[in-house]
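# Sharing a sequence plus its predicted fold:
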Amino acid sequence: MDREVSQSEEMTERTFFMLKPDAVRRGLVEHILQRLDDASLRMVAKQQLVVNKAQSGALYTEHEGKPFYDSLLTYIHSGPVLVTVWEGSGAVALVRKLIGATNPTDAAPGTIRGDFGLAIDEDVVHGSDSVQSAEREIPIFFPGLD
Ligand code: CMP
């Protein structure tokens, strides 16, 4: 017989969350991870690495050709990042809420970019913008993740 599935189980999602080179350089990793932890999300994968060209090309494929594309890649390759995967109810939207607006100058106080971001091209973190994006982004960095 089928087991009943609770509503929170049904909405459990995974999202990809990256702490960019400026976050690592500035020693913000623990402060930022704490924000997601405080929101009852569960980290299921974590790795520090220097993003290679195949990974950045795949992650930012939708931005190819935009005026900021080359500087975005230079920034992302500029030092180690911490790539992570988080799981929880409504994880994608929740992490986007915790991150705040794309441009740190527009991001509300209390959000990660509002508190730590310096500029649109030094915006500390990346989080998947949809469940479909998360499903595409997670295997770029964690190809074997269950
Ligand atoms: P991210 O969430 O990683 O997704 C795309 C990234 O491109 C974004 O964060 C910013 O780092 C960067 N970005 C987006 N818009 C601009 C812009 N107008 N100028 C410079 N960088 C941008």
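Yep, it's here. Numbers count the residues shown, from 1 in each chain.

# Report the residue spans of this structure with pLDDT below the cut-off.
1-10 (pLDDT under 70).

# all strands for this protein, in order.
Along the chain, counting by DSSP state E, strands occupy 12-19, 42-49, 81-89, 125-127.

# Can you tell me the strand partners of the first one and which way each runs?
Sheet pairing of strand 12-19 (DSSP bridges) gives strand 81-89 (antiparallel), strand 125-127 (antiparallel).

# For this protein, which residues are neighbours of the ligand?
Contact residues (Cβ under 6 Å from any ligand atom) of the chain with the ligand: H63, F68, L72, T102, I120, D121, D123, H126. (Each C-beta comes from the backbone N, C-alpha and C, glycine too.)

# What count of nearby residues applies to the residue nearest to the fifth one when sequence neighbours are not counted?
Right, the one you point to is I120. Counting by Cβ to Cβ, 6 or more residues apart in numbering, I120 lies nearest to N103, which is 4.6 Å off, once chain neighbours are set aside. Burial of N103 is recorded as 13 neighbouring residues (other Cβ atoms under 10 Å).

# Look up how far R35 lies from N103.
N103 sits 19 Å away from R35, going by Cβ to Cβ, to the nearest Å.

# centroid residue for the protein?
Nearest residue to the geometric centre of the chain (Cα atoms, centre = their mean): F17, 2.1 Å.

# Report the contact partners of that residue.
Listed by Cβ atoms under 8 Å, 6 or more residues apart in numbering, the contact partners of F17 are L36, V83, T84, V85, W86, V95, V125, H126, G127, S128.

# Identify the residues contacting the fourth one.
When contacts are counted by Cβ under 8 Å, 6+ apart, V85 is found next to R14, T15, F16, F17, M43, V44, A45, K46, I138, F142, L145.

# Understood, closing this out.
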